[in-house]
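Student: Got a predicted structure here, sequence first:
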Amino acid sequence: MRALGYLFITTVKNRVKELRRHPSQLILVLFIIAMLGLVVFTAGLPSDTAAERRPMAELRAMLLALYAVMFLLLCKNGLSSGASFYTMADVNLLFSTPIRPQRILFYGLVRQLGTSVLLGFFLLFQYSWLHDLYGLSIPGLLAVMLGYCLTVFCAQLTSMVLYAFTSGDEGRQRGMKIVLYALAAAAVLLVGLPAAAADNKLAAVVAAADGPLLAAFPVAGWMKAAVGGLITGDILSAVLGLGGCAAYVAALVLLITCNHPDFYEDVLKATEVSFSAITASKEGKMAEPVPVHVKVGKIGIGAGTGAGVFFYKHRLERRRSRVFLLDGMTLLWAAISIAFSFFMREEGILAVFIFATYMQIFSSSTGRWLRELLMPYIYMIPEPPFRKLIGVCRESILQSAVEAVVVMVPCGLIVGASPLDIAGCVVARFGFALLFMAGNILMERLFGQVLNKALILGLYLVLMMLLALPGVVAGIIAGMFAGVAAAMLVITLWCAAVSALIAFLCRDILNIAELNNK
Amino acid sequence: MFTVSHVTKRYGKLTANSDISFGVEDGQIAILLGPNGAGKSTIIKCISGLLRFEGEIRINGYPNKSLEAKRLLGYVPEMPAVYDLLTVGEHLEFIARAYSLTGWQEYAASLLERFELADKKGKLGKELSKGMQQKLSVCCALLPRPKVVIFDEPLVGLDPHAIKELKDLFRELKRDGASVLISTHMIDSVEDYWDIAHIMMNGTFAATMKNEPAAQGEKTLEELFFEITEKPAAVAEESV
């Protein structure tokens, strides 16, 4: 164990030392600590919205949805390529040492737990609205984050076990996939059926999601019960939920160590996959979520010359990666915003728009243009850099327009807004999409390829708020005289102007590859 | 032709290239030799316009980051650069469209043929082996018929046939009047087709040698290379 302990501690120590050599990363870490301090500080301020708070059952229902989606998605991904807690260095150096595999498994589990904590970092930024709507305290938020991290951890462990027991046997893999789909379908039915029959659909959905049946949903249900118990002080629920998860982890570890101690081969493929993704990134390629079996279909890019060819190339790549109008993650975020408009339908279109825009910051996909920065062609092609920047962003711009319609039209209809206000919100959402895309370009220009995007999220958030602020203030003034649609139009014009300015000022990112490879 | 004048490249406190000056004439093949970390790839990326630097680099008289220079320049990176979701043929179509080329199909077909990629025209980038990706990368760089071609470790990972074809191609480029710069750390791979060799150490040129019939007693390129690159170690050993 000494070797593993040494490896773990030395790795952590060296990571801390690395911060000194990379001041930009150190600044980000300090910024995150400052943000945490701000969250804690604002939590201590008196609130006057206590009377308007919504029922805690809604929060528990949302937690179940978040945990269940993460658990099922990670398990499904793990079935095809496995999951690994290890690096190629572990495979090459550690796996060949005379250390018992069980100890190496334990080492991997401990390290993975740390990685899972980092993944849940984005939840900290949800404190403001969670506190306002549900009165969630700082310990409550930490419990939500802990639940998320443990769900991710359990899902990765489950993936590893599923892969170990099904790899090489397509029948078993298919069987496990059916089990996962059946679990998802059962959850949807358990929530959907009572809602279909009820008058108050929202209340029925919440009651079903917060009910005892779904509390038995593997990992997600238990974790929801545990976190809900921790937030409300229901000790029994917390103990049962956490106990269930602890027993689940113990059972999986036992299953691996007793029945499948030679697990090296099973994690090898997943390790190689993640290693090739990391090295590809270091070597100037960005791993793209490409389907295992690509249907090539019609051959040829077909149109576009000069910088314009990138748009048509992206369209071709989009078709081959089986993304049509919107990709899966964008649809998921859109669904969250639409679902939330149910909860806020009494608040009116403006409140829904503000919430949807806040969510948009997290969902704003960086698109294919970012991957182009890691290939030499974009720099070598003899076209002016600004034209190239517009060319590589065109596909993302089009997707943003579609996304604005897909999100704001249903939201507007749910809250019963007028067609003019809905149109204003669609246009303004598109304006914000442009601003967020320009923000991504700006962050790229300033920080290059900082691999940990979660770390720069906070900085990005503040920057976006600052850039949007003048437009929002002007919009509010316009809104006071001419209504919501006019306000949205003013905001859109501001966002579009700022985006164009940022894109123009940052055009050099397509002139010098070095800027994107700091 | 291209010229590199007093180019210095720094990464923070680290000087990767220090005051480098050289040029490659039309119809000339220059090679950059040196151990790992000598600064070969850095100067190549500077010439290709991918990095910022102090000094001046001109391609046929144009500053290397100008559009005119980009039209004349071909660059084959050390790591093959292909798109996962484009087929082999579509990579060439992409380059042809991006460079607004006309009548490129025949030349593209001949490039694919000589690098044994013609039968893989419909294969996706992600389905190619690393060697095939490298060959496709070479084809993409050569399709616009550049006047200056920069190869960064081009022979690594290629099969014997592709190595032979690429060496023939170097000679053809030279014959057609292109300026070729090849970076490598494999001395035996450059054989006899080079005109001038620069040996790099610690970010500078430690020696420059012309490929002329060796007079008796003169050092070969390999002997010169080892004399230069092994000197610090020998000195260090002596001092111990």
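Tutor: Now that the structure is in, tell me what you want to look at. Numbering: from 1, shown residues only, chains lettered A, B, ... in the order given.

Student: Secondary structure element for the spatially most central residue of chain B, which one?
Tutor: Nearest to the geometric centre of chain B sits B:F151, at 1.7 Å (Cα atoms, centre = their mean). B:F151 belongs to strand B:148-152 when assigned by DSSP states H and E.

Student: tell me what the helix or strand following that strand is packed against?
Tutor: Tracing the chain past strand B:148-152, the next element assigned as helix or strand by DSSP H and E is helix B:160-175. Helix B:160-175 sits against strand B:28-33, helix B:130-142, strand B:179-184, with contacts defined as 3 or more Cβ pairs under 8 Å, 6 or more residues apart in numbering or on different chains; DSSP states H and E. Placement of C-beta: from N, CA and C, glycine included.

Student: out of those, nearest to A:T11?
Tutor: helix B:130-142 (29.4 Å; Cβ to Cβ).

Student: Can you give me the buried ones in that closest one?
Tutor: The neighbour-count check on helix B:130-142 (16 or more other Cβ atoms under 10 Å in any protein chain shown) flags B:132-142 as buried.

Student: cool, and stretch B:209-222?
Tutor: B:209, B:221.

Student: and that stretch, how far from the chain's centre?
Tutor: Stretch B:209-222 sits 23 Å away from the centroid of its parent chain (Cα atoms, centre = their mean, to the nearest Å).

Student: about what we covered before: looking at the buried residues of helix B:130-142, which is nearest A:F71?
Tutor: Distances from A:F71 to the buried residues of helix B:130-142, taken by Cβ to Cβ, are shortest for B:Q133, at 36.6 Å.

Student: In a helix, B:E218, correct?
Tutor: No. Under DSSP: H, G, I helix; E, B strand; the rest coil, B:E218 falls outside any helix and is assigned coil.

Student: Give me the buried positions along stretch B:80-88.
Tutor: For stretch B:80-88, by 16+ other Cβ under 10 Å, it's B:80-88.

Student: among the residues you listed, which are in helices?
Tutor: Per DSSP state H, helices hold the following members of those: B:V88.

Student: show me where chain B has strands.
Tutor: B:2-11, B:14-24, B:28-33, B:54-59, B:62-63, B:73-76, B:148-152, B:179-184, B:196-201, B:204-210 (DSSP state E).

Student: Out of those strands, the one nearest chain A is which?
Tutor: strand B:73-76 (5.9 Å; Cβ to the nearest Cβ).

Student: mean confidence for the closest one?
Tutor: Strand B:73-76 comes out with an average pLDDT of 92.

Student: same check, this time on stretch B:221-236
Tutor: 71.

Student: for stretch A:14-21, same thing?
Tutor: 75.

Student: Report whether it contacts chain B.
Tutor: No. Applying Cβ under 8 Å from any Cβ of the partner chain, one finds stretch A:14-21 separated from chain B by no less than 9.1 Å.

Student: How far does that stretch sit from its chain's centre?
Tutor: 27 Å.

Student: Stretch A:465-485 now?
Tutor: With Cα atoms, centre = their mean, you get 29 Å for stretch A:465-485.

Student: Not counting that stretch itself, show me its contacts.
Tutor: Applying Cβ atoms under 8 Å, 6 or more residues apart in numbering or on different chains, the external contacts of stretch A:465-485 come out as A:349-350, A:417, A:420-421, A:423-425, A:428, A:432, A:435, A:439, A:486-491, A:493-495, A:498, A:502.

Student: Helices - which of those residues land there?
Tutor: Using DSSP H, the members of these that fall within helices are A:349-350, A:420-421, A:423-425, A:428, A:432, A:435, A:439, A:486-491, A:493-495, A:498, A:502.

Student: Could I have the buried ones of those residues as PyMOL selection syntax?
Tutor: Buried members of the ones in helices among the contacts of stretch A:465-485 can be picked out in PyMOL with the line below, counting by 16+ other Cβ under 10 Å:
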select buried, chain A and resi 349+350+421+423+424+425+428+432+435+439+486+487+488+489+490+491+493+494+495+498+502
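
Student: Which residue is the nearest non-sequential neighbour of B:E68?
Tutor: Computed as Cβ to Cβ, 6 or more residues apart in numbering or on different chains, the closest residue to B:E68 that is not its neighbour in sequence is B:Y62, at 4.2 Å.

Student: I should have written A:P382 there, sorry.
Tutor: Excluding the flanking residues, the one nearest A:P382 by Cβ to Cβ, 6+ apart is B:K70, at 3.8 Å.

Student: Please tell me how far the one you found sits from A:L459.
Tutor: Distance, B:K70 to A:L459, by Cβ to Cβ, to the nearest Å: 34 Å.

Student: more crowded one of these two?
Tutor: Each of B:K70 and A:L459 has its neighbours counted (other Cβ atoms under 10 Å in any protein chain shown); B:K70 has more, 22 against 18.

Student: what's the next secondary structure element after the lowest-mean-pLDDT helix or strand in chain A?
Tutor: Every helix and strand in chain A was compared by mean pLDDT, DSSP states H and E; the lowest is helix A:264-282, with a mean of 60. Later in the chain than helix A:264-282, the nearest helix or strand by DSSP H and E is helix A:309-320.

Student: elements contacting that following helix?
Tutor: Helix A:309-320 packs on helix A:367-372, helix A:385-415, helix B:88-98, going by 3+ Cβ pairs under 8 Å, 6+ apart.

Student: Is it possible to get TSV of those helices that adds distance to A:S237 and mean pLDDT?
Tutor: Formatted as TSV, the helices and strands packed on helix A:309-320 follow (distance: least, Cβ to Cβ, whole Å; pLDDT from 0 to 100):
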stretch	distance to A:S237	mean pLDDT
helix A:367-372	42	76
helix A:385-415	32	88
helix B:88-98	56	93
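
Student: Deepest in the core, which of those is it.
Tutor: Comparing the helices and strands packed on helix A:309-320 by mean neighbour count (mean count of other Cβ atoms under 10 Å in any protein chain shown), helix B:88-98 ranks first with a mean of 24.

Student: by how many degrees do that helix and helix B:130-142 diverge?
Tutor: Compare the direction of helix B:88-98 with that of helix B:130-142 by axes from the mean of the first three to the mean of the last three Cα atoms, to 10 degrees and you get 20 degrees.

Student: so what secondary structure elements neighbour helix B:88-98?
Tutor: Going by 3+ Cβ pairs under 8 Å, 6+ apart, helix B:88-98 lies up against helix A:309-320, helix A:377-380, helix B:105-114, helix B:130-142.
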